[in-house]
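Q: coords please:
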Amino acid sequence: MTTTPQPLAGIRILSLALNLPGPAALMRCRALGADCLKFEPPAGDPMSHYSAQAYEELHAGVTVRKVDLKTLEGQAALQVALAQTDVLITSFRPSALAKLGLSWDALNQAHPHLSQVAIVGAGGASAEIPGHDLTYQAEHGLVSGLHLPPTLFADMGGALMATEAVLQAVVARRNEGSMAATAAQEEARAPTGKTQPGQYFEVALANAAAFLALPRRWGLTRPQDIIGGAHAGYQVYACRDGRIAVAALEPHFARRLMEAADLRADLDPISPEARQSLNAFFAAHSTDELDAIAASRDIPMHSLAA
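A: This next block holds a predicted model:
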């Protein structure tokens, strides 16, 4: 039996982030062993209204407190919590953070030990421009026709990047502490300056969309590209009672697929003949039959409902 690594064990995280990217990052940090606290406004997190199931899963193991940061009482509670926090996660625009007294300069001055992971829509000077997952995906070519994307790629990609930033902050702090201890031992004297390990990390959801869109920009996933539709072995086909997702991209998988369909093993998978022949083959079989073929011939395929 293997155990999940806990690189964030003993790390205290406070999140003020609402909706999806921040809570999803907090969920990942909790899974990595962090002690997670979240402050929500009196009205709660909008996600609890969008999807109770999502909210519950995102906050499993997280301590949630209702705190009004616009009041003196709420600000006092926040400062107490920040004094005991290693990493703060936020998802407000910079101007909104400044109004709450939570600009990075103010935070670093009051809590020099604290690191901040600031999730924003777009990065740098564009952080004040409104946007959402859909607009960031559209900006980077991930929206086709009039159809909505199947999931919230920018939000979830941003959550993973925010988790990565938390890990960066922790590693940097531990490395700095290790170097300080080594220097103290070598010099046999106290450090001349006060260590301030807190660091600021900005995570832009637009950058997450851009990262996820790299295969498209590289010419891999557009309709005319090899894994965007050009390769007959990398397709979704209709079958007798549903659909089949076929990922026979490598030559040995493509050869087995051609053999299973009684086609020439040397048939070029990037050809109209290959596409037409496989269309006919899959249309004549059921999902159960195709699942059996995939298992017996070691071909990467997955059946789907109609």
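Q: strands of the stretch 51-200 of the chain, residue ranges please.
A: Taking DSSP state E, counting those that start in this stretch as the criterion, the stretch 51-200 of the chain carries its strands at 63-66, 87-90, 115-120, 200-204.
Q: switch those strands over to JSON lines; also include mean pLDDT.
A: Shown next, in JSON lines, are the strands of the stretch 51-200 of the chain (pLDDT from 0 to 100):
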{"stretch": "strand 63-66", "mean pLDDT": "98"}
{"stretch": "strand 87-90", "mean pLDDT": "98"}
{"stretch": "strand 115-120", "mean pLDDT": "98"}
{"stretch": "strand 200-204", "mean pLDDT": "97"}
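Q: would you turn these into CSV with distance to A248 and mean neighbour count?
A: Where C-beta positions appear, they are placed from N, C-alpha and C, glycine not excepted. Shown next, in CSV, are those (distance: least, C-beta to C-beta, whole Å; neighbours: other C-beta atoms under 10 Å):
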stretch, distance to A248, mean neighbour count
strand 63-66, 47, 12
strand 87-90, 42, 26
strand 115-120, 39, 26
strand 200-204, 37, 20
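Q: with distance to E73 added, can I get those in a markdown table?
A: Putting the strands of the stretch 51-200 of the chain into a markdown table (distance: least, C-beta to C-beta, whole Å) gives the following:
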| stretch | distance to E73 |
| --- | --- |
| strand 63-66 | 12 |
| strand 87-90 | 19 |
| strand 115-120 | 23 |
| strand 200-204 | 27 |
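Q: for these, which one sits closest to A210?
A: A210 sits nearest to strand 200-204 of all those, at 8.7 Å, using C-beta to C-beta.
Q: S277 reaches L263, doesn't it?
A: Yes - here S277 reaches L263: they are 5.3 Å apart, a contact under C-beta atoms under 8 Å.
Q: what is the burial count for P300?
A: P300: 16 surrounding residues under other C-beta atoms under 10 Å.
Q: so the spatially closest residue to it that is not a sequence neighbour bridges to which residues?
A: Once flanking residues are discounted, P300 sits nearest to A247: 4.3 Å by C-beta to C-beta, 6 or more residues apart in numbering. In this entry, A247 is beta-bridged to Y234, by DSSP bridges.
Q: how close does A247 get to L257?
A: For A247, the distance to L257 equals 10 Å [C-beta to C-beta, to the nearest Å].
Q: equivalent analysis for A81, please.
A: For A81 relative to L257 (C-beta to C-beta), the value is 57 Å.
Q: would you mind measuring the gap between the ends of stretch 10-19?
A: End-to-end distance of stretch 10-19: 26 Å, with C-alpha to C-alpha, to the nearest Å as the criterion.
Q: quick one: distance of that stretch to the chain centre.
A: With C-alpha atoms, centre = their mean, to the nearest Å as the basis, stretch 10-19 stands 16 Å off its chain's centre.
Q: ok, and what's touching that stretch?
A: For stretch 10-19, contacts defined as C-beta atoms under 8 Å, 6 or more residues apart in numbering pick out 22-23, 25-26, 29, 33-41, 45-47, 62, 69, 81-82, 84-92, 102, 119, 155, 166, 170.
Q: on that earlier part again, more neighbours, A247 and L257?
A: A side-by-side neighbour count of A247 and L257, using other C-beta under 10 Å, places L257 first with 28 against 17.
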